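Participant: need a structure here:
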Amino acid sequence: MFGRSAQPTVHLLIGNVGPGVGFQRDAIAAALAPLGCSQVHVPELPDREAAYVFATFQSGQQATAALNALHERPCDRLGGRTLTAKFAKLKAKANVRSVAFKSTSCWRFSKSWFARLAQDCAATDGMYREGSCHC
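Facilitator: A predicted model of the protein is given here:
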């Protein structure tokens, strides 16, 4: 489960970018990689393409620096779009294949991504390494 977090985490919710506004995951990942982004998750919505992504960074410091560099600023690497960025927290159950933002909507991620997440959580007694997953 992704949700907003007031506390810094390694996860960001980045808005105004995604397939819904003409940017595919690979292009977004390439644009965010210089900021330390290690993975980009594009939610699959039932009725439209997402205009936001969840990005995971290698450290909390890199996520904080990325948030400061991206929030309400134009991003040259993404066509000059002005993005929004917020910290996100990740909560998941090991045998669940979908994650949800704090709302009534639910979005699916790839089974392989969730399998890796479940392994990470199991390896750390249910706590994701950055302390944001409570399996």
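Participant: Let me see the contact set for A63.
Facilitator: By CB atoms under 8 Å, 6 or more residues apart in numbering, the residues touching A63 are 8-12, 36, 57, 87. From N, CA and C alone the C-beta is placed, and that goes for glycine too.
Participant: Check L90 and give its pLDDT.
Facilitator: The model reports L90 with a pLDDT of 73.
Participant: and it, how far is that from G22?
Facilitator: L90 sits 27 Å away from G22, going by CB to CB, to the nearest Å.
Participant: quick one: which of those two has more around it?
Facilitator: Neighbour totals were compared for L90 and G22, and L90 leads with 22 against 13 (other CB atoms under 10 Å).
Participant: need the strands for this protein, in chain order.
Facilitator: Using DSSP state E, the strands found in the chain span residues 2-4, 11-15, 37-41, 52-57, 74-75, 81-82, 84-90, 98-99, 107-108.
Participant: Just name the most buried of those strands.
Facilitator: Highest mean neighbour count of the strands of the chain: strand 11-15, a mean of 24 (counted as mean count of other CB atoms under 10 Å).
Participant: can I have that one written out in PDB, keeping just the CAs?
Facilitator: Provided in PDB are the C-alpha atoms of strand 11-15 (Å, rounded to 0.1, in the frame of the first residue of the first chain):
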ATOM      1  CA  HIS A  11       9.500   6.500  -1.900                       C
ATOM      2  CA  LEU A  12       8.000   9.500  -3.800                       C
ATOM      3  CA  LEU A  13       4.700  10.000  -5.400                       C
ATOM      4  CA  ILE A  14       5.400  12.100  -8.500                       C
ATOM      5  CA  GLY A  15       2.500  13.700 -10.200                       C
END
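Participant: Now do that strand against strand 84-90, angle only.
Facilitator: Angle between the axes of strand 11-15 and strand 84-90 is 140 degrees (criterion: axes from the mean of the first three to the mean of the last three CA atoms, to 10 degrees).
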